[in-house]
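3D, please:
(2 chains)
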2 protein chains.
Amino acid sequence: MAYELYYWDGLQGRGEFVRLAFEEAGVEYIDVARQEDGTGSMMKWMKSKSDAHIPFAPPFIKDGDLIVSHVANILLYLGPRLDLAPQDEALRFVANGLQLTITDFVAEVHDTHHPIATTRYYEDQKDAAKQRSADFIENRIPKFMSYFERVLENNPEGSERAVGSALSYVDLSLFQIVEGLRYAFPRGTKHLGVRYPKIIAVHDAVEKRPNIQSYLASGRRLKFNESGIFRHYPELDQDN
Amino acid sequence: MAYELYYWDGLQGRGEFVRLAFEEAGVEYIDVARQEDGTGSMMKWMKSKSDAHIPFAPPFIKDGDLIVSHVANILLYLGPRLDLAPQDEALRFVANGLQLTITDFVAEVHDTHHPIATTRYYEDQKDAAKQRSADFIENRIPKFMSYFERVLENNPEGSERAVGSALSYVDLSLFQIVEGLRYAFPRGTKHLGVRYPKIIAVHDAVEKRPNIQSYLASGRRLKFNESGIFRHYPELDQDN
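Now for the predicted structure:
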């Protein structure tokens, strides 16, 4: 039975970290909300007053009867099944820790355009968004990126991978973060390649993998847009 | 060998979710940053340019050579070892999903007083903090709390536990969230008991457990204060 992925239709968002894992592994999955009536079926799980183990928010996956929610948890579950996690059990906790740092970073990306309230329009929190984005570009991108660069440098199995010696879902997520940052902040990320060469090497290597290449060229890969996590508002971008 | 916990000295913060698990289980642990030179030893791991598997931020634990970082990851690791996780493997992913929803909620609590930049003083982002806190009290507390209430209602093993039939680290974390919210927002949380009776029942049951009781009465349990995640700034509180 195919895995079912539940995530908002029309955007990459957090669901994309899961899609990249499915696509790299080449396994069958159903992107439920992109099917007819799919969003309704997703909402049914979220609003259920009787089902056990209801998710708070998408993305979540269904594998048979089991619902697994939150990107890092989904990848923790899928990792060994898709051969995208380290064999060594201790290293799986390392991978999960890295993925949770990526989770925190993604939440900060979201808050650059919604620093006050997710329920309000961007236009109604633009001033705070400008302040938060400036801090994000000046302080937070360097803090997170230099951390991941160091993680790669220190990996005893080689700087080509975030953890262990083989490709893992963490490498796929690093690819997505670079893609998203470059889309949202082209000025703020102009020097990523010079400053964080190992991260960019991971990005470039992932981009060239055959399954990822054909995914990126397919209609399944949506374009970044201003409904997603990574949004390009020129007024929030600045040189760095 | 005792577990080592690394977290900022002087505050409960995110470290408290881990402390509660150690304390309930009654296992030996060293709260490293509260030892002499402990903070320096913590920073050494975070800044290391040579060690593998460096953490981005505290809390993290060391178990022998293994470093595990991020609260949810630490609890995922410790859960089975401290008998605070479901026996069933599938339910462990459910527990992890719930803990990650708690993680997101805690990040939103933090951002009520720091909506613009963690590196800047509260006083310099007070206006944005007021707006964000109002939204937090009006929309976000109800959204998260009604979710957890529903999780308890829907638990096929009984509404006394978040997941499975036995106490888990998720229940301990729900206790801590109620404690923190009541400290930070006494006005905004006045009706928690009426609105979310099952969550409060979990809170009260955890509070009465012998090991937790003696922990709360001990010097190891720091008081909430304005260096932590849950901060009481009266100007950010409002009736709800």
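
so which residues of chain A form helices?
Counting by DSSP state H, chain A has these helices, from start to end: A:15-25, A:38-47, A:71-81, A:89-113, A:126-135, A:141-154, A:169-184, A:192-195, A:197-207, A:210-217.

which other helices and strands does the last one contact?
Helices and strands touching helix A:210-217, by 3 or more Cβ pairs under 8 Å, 6 or more residues apart in numbering or on different chains; DSSP states H and E, are helix A:15-25, helix A:197-207. In short, each C-beta sits where N, CA and C put it, glycine included.

pick the most buried one from the ones you listed.
helix A:15-25 (a mean of 24; mean count of other Cβ atoms under 10 Å in any protein chain shown).

thinking again about what came up before, pipe the helices of chain A into TSV and attach distance to B:A33 and mean pLDDT per row.
What follows is the helices of chain A, written out as TSV (distance: least, Cβ to Cβ, whole Å; pLDDT from 0 to 100):
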stretch	distance to B:A33	mean pLDDT
helix A:15-25	32	98
helix A:38-47	39	94
helix A:71-81	25	98
helix A:89-113	19	97
helix A:126-135	26	96
helix A:141-154	20	98
helix A:169-184	27	98
helix A:192-195	31	97
helix A:197-207	30	98
helix A:210-217	42	98
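
still on that earlier bit, in JSON lines: the helices and strands packed on helix A:210-217, plus distance to B:I199.
Supplementary listing: the helices and strands packed on helix A:210-217 in JSON lines, determined by distance: least, Cβ to Cβ, whole Å:
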{"stretch": "helix A:15-25", "distance to B:I199": "29"}
{"stretch": "helix A:197-207", "distance to B:I199": "41"}
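
quick one on the thing from earlier: can you list the helices of chain A in JSON lines and add distance to B:I177?
Listed next are the helices of chain A as JSON lines, based on distance: least, Cβ to Cβ, whole Å:
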{"stretch": "helix A:15-25", "distance to B:I177": "26"}
{"stretch": "helix A:38-47", "distance to B:I177": "21"}
{"stretch": "helix A:71-81", "distance to B:I177": "19"}
{"stretch": "helix A:89-113", "distance to B:I177": "18"}
{"stretch": "helix A:126-135", "distance to B:I177": "25"}
{"stretch": "helix A:141-154", "distance to B:I177": "26"}
{"stretch": "helix A:169-184", "distance to B:I177": "28"}
{"stretch": "helix A:192-195", "distance to B:I177": "37"}
{"stretch": "helix A:197-207", "distance to B:I177": "35"}
{"stretch": "helix A:210-217", "distance to B:I177": "39"}
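
any residue of stretch A:17-26 touching chain B?
No. Using Cβ under 8 Å from any Cβ of the partner chain, we find that stretch A:17-26 stays clear of chain B, coming within 13.5 Å at best.

now what about that stretch, what contacts it?
Here stretch A:17-26 makes contact (Cβ atoms under 8 Å, 6 or more residues apart in numbering or on different chains) with A:3, A:5, A:7, A:12, A:29, A:31, A:59, A:61, A:71, A:74-75, A:78-79, A:82-84, A:102, A:167, A:169, A:172-173, A:175-176, A:209, A:211-212, A:215, A:220-221.

any chance of a ChimeraX selection covering the buried ones in those residues?
Of the contacts of stretch A:17-26, the buried ones can be selected in ChimeraX as follows, counting by 16 or more other Cβ atoms under 10 Å in any protein chain shown:
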select /A:3,5,7,12,29,31,59,61,71,74,75,78,79,82,84,102,167,169,172,173,175,176,209,212,215,221
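
was I right about A:I67 contacting A:F56?
No. With contact defined as Cβ atoms under 8 Å, A:I67 does not count as touching A:F56 (11.1 Å).

correct me, but A:F144 touches A:A107?
No. Counting by Cβ under 8 Å, A:F144 stays clear of A:A107, with 11.5 Å between them.

compare neighbour counts for the two and give me the winner.
For A:F144 and A:A107, the more surrounded residue by other Cβ atoms under 10 Å in any protein chain shown is A:F144, and the numbers stand at 22 against 16.

quick one: the more buried one from B:P59, how far?
18 Å (Cβ to Cβ, to the nearest Å).

name the nearest residue to the residue lying farthest from the centre of chain A, sequence neighbours excluded.
Of all residues in chain A, A:S50 sits farthest from the chain's C-alpha centroid, using Cα atoms, centre = their mean; the distance is 30.5 Å. Once its chain neighbours are removed from consideration, A:S50 has its nearest residue in B:N154; the separation is 6.3 Å (Cβ to Cβ, 6 or more residues apart in numbering or on different chains).

tally of neighbours for A:I116?
Burial of A:I116 is recorded as 26 neighbouring residues (other Cβ under 10 Å).

hang on, it packs against B:R132?
Yes. Taking contacts as Cβ under 8 Å, A:I116 lies within contact range of B:R132: 5.2 Å.

mutual contacts of these two, please.
Jointly contacting A:I116 and B:R132 under the rule Cβ under 8 Å, 6+ apart are B:P115.

residues touching A:P86, list them.
Applying Cβ under 8 Å, 6+ apart, one finds that A:P86 lies in contact with A:R92, A:V94, A:A95, A:V163, A:G164, A:A166, A:S168.

rerun at 6 Å
Shown in contact with A:P86 (Cβ atoms under 6 Å, 6 or more residues apart in numbering or on different chains): A:R92, A:A95, A:V163, A:G164.

ditto for A:A184
A:A184 neighbours (Cβ under 6 Å, 6+ apart): A:F230, A:R231, A:H232.

near chain B, which residues of chain A show up?
Proximity of chain A to chain B (Cβ under 6 Å from any Cβ of the partner chain) is limited to residues A:52-53, A:56, A:66, A:68-70, A:73, A:77, A:90, A:93-94, A:96-97, A:100-101, A:115-117, A:119, A:128, A:131-132, A:135, A:139, A:147, A:154, A:156.

of those residues, grab the buried ones for ChimeraX.
Isolation of the buried members of the residues of chain A next to chain B (16+ other Cβ under 10 Å) is achieved in ChimeraX through the command below:
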select /A:53,56,68,69,70,73,77,93,94,96,97,100,101,115,116,117,128,131,132,135,147
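
name the nearest residue to A:Y147, sequence neighbours excluded.
Closest residue in space to A:Y147, ignoring its immediate chain neighbours: B:F56 at 5.2 Å, by Cβ to Cβ, 6+ apart.

I figured that neighbour hits A:L100, correct?
No. With contacts counted by Cβ atoms under 6 Å, B:F56 stays clear of A:L100, the gap being 8.7 Å.
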